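**Student:** need the 3D shape of this:
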Amino acid sequence: MAEGVKVEIVSPEVLVLSAQARSVIVPGSEGYLTVMGDHAPLMAVLKPGFVTVTDTSGSVSSFFVGGGFADISDAGVTILAEEAKPAGEFGRSEIETRIAAAQQALAEATDVEDKGEAQNALDTWKNLLLESASLSGTVH
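**Tutor:** So this is what the prediction gives:
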């Protein structure tokens, strides 16, 4: 088995991350999947969520992706995201604004697919709010 996997997270604006990792967890449309060295080639559609990267020293970083694709090959994992940035760069007010927008989208959704997407977005942003609160020591 290979020692690690090359990971790149790319948004339309910028290369967000290019690094060697021990493992990468991506939010696939069919569920989260973990990529390690020597993973079988795969192309996956991503849902909005968090990519978790464990680097070769064991340090863990999270990155928000707003959908896109993950291309897993012998060369590593390339994530082409509609939107991407480190989870730590979101401010509390931005997260709360996105929660409110997701709640509105859920309330206005008329079919099962739209409701599912809105609920997933709402859960994603609530989880980030909880994660940011636990990192800052604030309890809600």
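
**Student:** longest helix anywhere in the chain?
**Tutor:** Longest helix of the chain, by residue count under DSSP state H: helix 112-136.

**Student:** quick one: buried residues of it?
**Tutor:** The neighbour-count check on helix 112-136 (16 or more other Cβ atoms under 10 Å) flags 117-118, 120-122, 124-125, 128-129, 131-132 as buried. For every residue, glycine as well, the C-beta is placed using N, CA and C.

**Student:** and residue 115, how close does it get to residue 103?
**Tutor:** For residue 115, the distance to residue 103 equals 12 Å [Cβ to Cβ, to the nearest Å].

**Student:** for the longest helix of the chain, name the packing helices and strands.
**Tutor:** Contacts defined by 3 or more Cβ pairs under 8 Å, 6 or more residues apart in numbering; DSSP states H and E place helix 112-136 against strand 42-55, strand 60-73, helix 92-108.

**Student:** okay, these in JSON lines with mean pLDDT, distance to residue 86 and mean neighbour count next?
**Tutor:** JSON lines is the format used below for the helices and strands packed on helix 112-136 (pLDDT from 0 to 100; distance: least, Cβ to Cβ, whole Å; neighbours: other Cβ atoms under 10 Å):
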{"stretch": "strand 42-55", "mean pLDDT": "92", "distance to residue 86": "10", "mean neighbour count": "19"}
{"stretch": "strand 60-73", "mean pLDDT": "92", "distance to residue 86": "6", "mean neighbour count": "19"}
{"stretch": "helix 92-108", "mean pLDDT": "92", "distance to residue 86": "13", "mean neighbour count": "14"}
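
**Student:** let's have these in a markdown table, adding distance to residue 18.
**Tutor:** Formatted as a markdown table, the helices and strands packed on helix 112-136 follow (distance: least, Cβ to Cβ, whole Å):
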| stretch | distance to residue 18 |
| --- | --- |
| strand 42-55 | 11 |
| strand 60-73 | 12 |
| helix 92-108 | 25 |
